[in-house]
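> No sequence on hand, only this structure:
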Ligand code: UT7
């Protein structure tokens, strides 16, 4: 088996909708400003007591149903999240237990908004090396838990959700190539540094962000990694049917598409309705576009993400 192939996708969104109008009641902002600067109209918010593992589990069930597969066939689970249920056990162990299965391995990956690309890359390596046959890869985040709803610079951006993909060993081309990058020198432009220490929270338990620095870094890094990976594996960017980017801000998506020479009609965008759901945003957008018929079997896809760390990465996939 030479490749890992995505055989199904799934997603989950919590019921509660937080609109720009709702945010007008919380901070000094307005729908026009938010939509013009970010492309976001609304985002979903977890219910009280609803956890990241609950959303991840629902997205997994949704993907399993599409695959018409029993959960017991999965031998590896990777959950990308920066809002885990607990410090330990890992959210993936909790998801494994909710699914009622025993996999060979299960672990979380923390690469903030790039988490899904990191998890996908890891699962692809496991499958191509023969260490796993069927991997469940999930991106899930409850960003509303770490958003300060007094900070208009960040609270307008984030939402909650989960997305999943099932990868299986295959002789046919699937994941064509992945590249993950990081540069810790940029760690201070996007942080949530709160942590437990001797029974107390130390640091800031909320997201803190230099929006303009993040914006510039995102456009630069997403463009570079996609171009370099395309060149390395011999893919022509003009042949890409769908770009599925991390849904950060419509202006980041547009600027990156322009630099890649991609028309926006080939870019999957869900940011208007979901906001930025961090590690969930790429698999959520992926699943939406599969279910509404935009993405078809045989399409060439470019997935790309960027987030705190700073971390970024891309993957080309023959779907
Ligand atoms: O996964 C990665 C996560 N992070 C991101 O992707 C964030 C990337 N950055 C961004 O999306 C944008 O930088 C923001 C949307 C956060 C901000 O947009 P901007 O165009 O960079 O605005 P700005 O920070 O330059 O602020 C422009 C003005 C300022 O007022 P003055 O100084 O010009 O009077 C802000 O105080 O807009 C003001 N402002 C707001 N006004 C209404 C900032 N936030 C708001 C707001 N509503 N929510």
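Nice, I can see it. Everything numeric in this text was worked out from a predicted model, so none of it was measured.

> Residue 197: what's it in contact with?
Contact analysis of residue 197 by Cβ atoms under 8 Å, 6 or more residues apart in numbering lists nothing. Where C-beta positions appear, they are placed from N, C-alpha and C, glycine not excepted.

> Dig out what it forms beta bridges with.
Bridge pairing for residue 197 (DSSP bridges) gives the partners residue 200.

> swap in residue 105?
Here residue 105, judged by DSSP bridges, has bridge partners residue 76.

> name the helices or strands packed onto the strand or helix carrying residue 178?
According to DSSP states H and E, residue 178 maps onto strand 175-182. If contacts are counted by 3 or more Cβ pairs under 8 Å, 6 or more residues apart in numbering; DSSP states H and E, strand 175-182 sits against strand 3-12, helix 115-128, helix 211-233, strand 311-318.

> neighbours of the one residue in the stretch 1-150 of the chain that gets nearest to the ligand, just the number please.
The ligand sits closest to residue 29 of the stretch 1-150 of the chain, with a gap of 3.3 Å, by Cβ to the nearest ligand atom. Residue 29: 17 surrounding residues under other Cβ atoms under 10 Å.

> do the same with the one 3 residues further on
Counted with other Cβ under 10 Å, the neighbours of residue 32 add up to 9.

> can you pull the contacts of residue 280?
Here residue 280 is in contact with 11, 55, 59, 116, 139, 140, 141, 160, 161, 162, 163 (Cβ under 8 Å, 6+ apart).

> Once you drop chain neighbours, what's closest to the fourth one?
Spatial nearest neighbour of residue 116, excluding adjacent residues (Cβ to Cβ, 6 or more residues apart in numbering): residue 139 at 3.7 Å.

> which residues touch residue 277?
Residue 277 neighbours (Cβ under 8 Å, 6+ apart): 43, 44, 141, 143, 158, 159, 160, 161, 162, 247, 284.

> doesn't residue 209 make contact with residue 153?
Yes: counting by Cβ atoms under 8 Å, residue 153 touches residue 209, with 6.5 Å between them.

> quick one, which of these two is more surrounded?
residue 209 (18 against 14).

> Angles on the backbone of that one, please.
Backbone torsions of residue 209, given as degrees, to the nearest 10, read phi -150, psi 140.

> show me what contacts it?
Residue 209 neighbours (Cβ under 8 Å, 6+ apart): 153, 154, 189, 190, 191.

> Model confidence for the closest residue to the ligand within the stretch 201-319 of the chain, exactly?
When scored by Cβ to the nearest ligand atom, the stretch 201-319 of the chain has residue 211 as its residue closest to the ligand, at 2.8 Å. With respect to pLDDT, residue 211 scores 97.

> Can you list the low-confidence ranges for the stretch 1-150 of the chain?
1 (pLDDT under 70).

> which residues in it form strands?
3-12, 16-19, 42-45, 76-80, 105-109, 134-142 (DSSP state E, counting those that start in this stretch).

> closest to residue 128 out of the ones you listed?
Between residue 128 and those, the tightest spacing by Cβ to Cβ is seen for strand 3-12, at 6.2 Å.

> Relative to the closest one, what are the paired strands and their orientations?
strand 160-170 (antiparallel).

> relative to strand 76-80, how tilted is the strand it pairs with?
Angle of strand 160-170 versus strand 76-80, following axes from the mean of the first three to the mean of the last three Cα atoms, to 10 degrees, is 150 degrees.

> coming back round to it: can you count the residues close to the residue nearest to residue 116?
36.

> Contact residues of this structure facing the ligand?
With Cβ under 6 Å from any ligand atom as the criterion, the chain meets the ligand at residues 29, 33-34, 37-38, 113, 152-153, 156-157, 209, 211-212, 214-215, 218, 248-249, 252, 276, 307.

> Partner strands of the strand holding residue 178, with direction?
strand 311-318 (antiparallel).

> hmm, back to that, how about the residue of the stretch 1-150 of the chain closest to the ligand: what's its closest non-neighbour residue?
Closest residue in space to residue 29, ignoring its immediate chain neighbours: residue 152 at 4.8 Å, by Cβ to Cβ, 6+ apart.

> my read is that neighbour is in a helix, agree?
No: counting by DSSP: H, G, I helix; E, B strand; the rest coil, residue 152 falls outside a helix, being coil.

> what's near enough to touch it?
Contacts of residue 152 by Cβ under 8 Å, 6+ apart are 23, 27, 28, 29.

> Now the third one: closest residue in space that isn't a chain neighbour?
To tie it back to what came earlier, the one meant is residue 28. residue 152 (6.2 Å).
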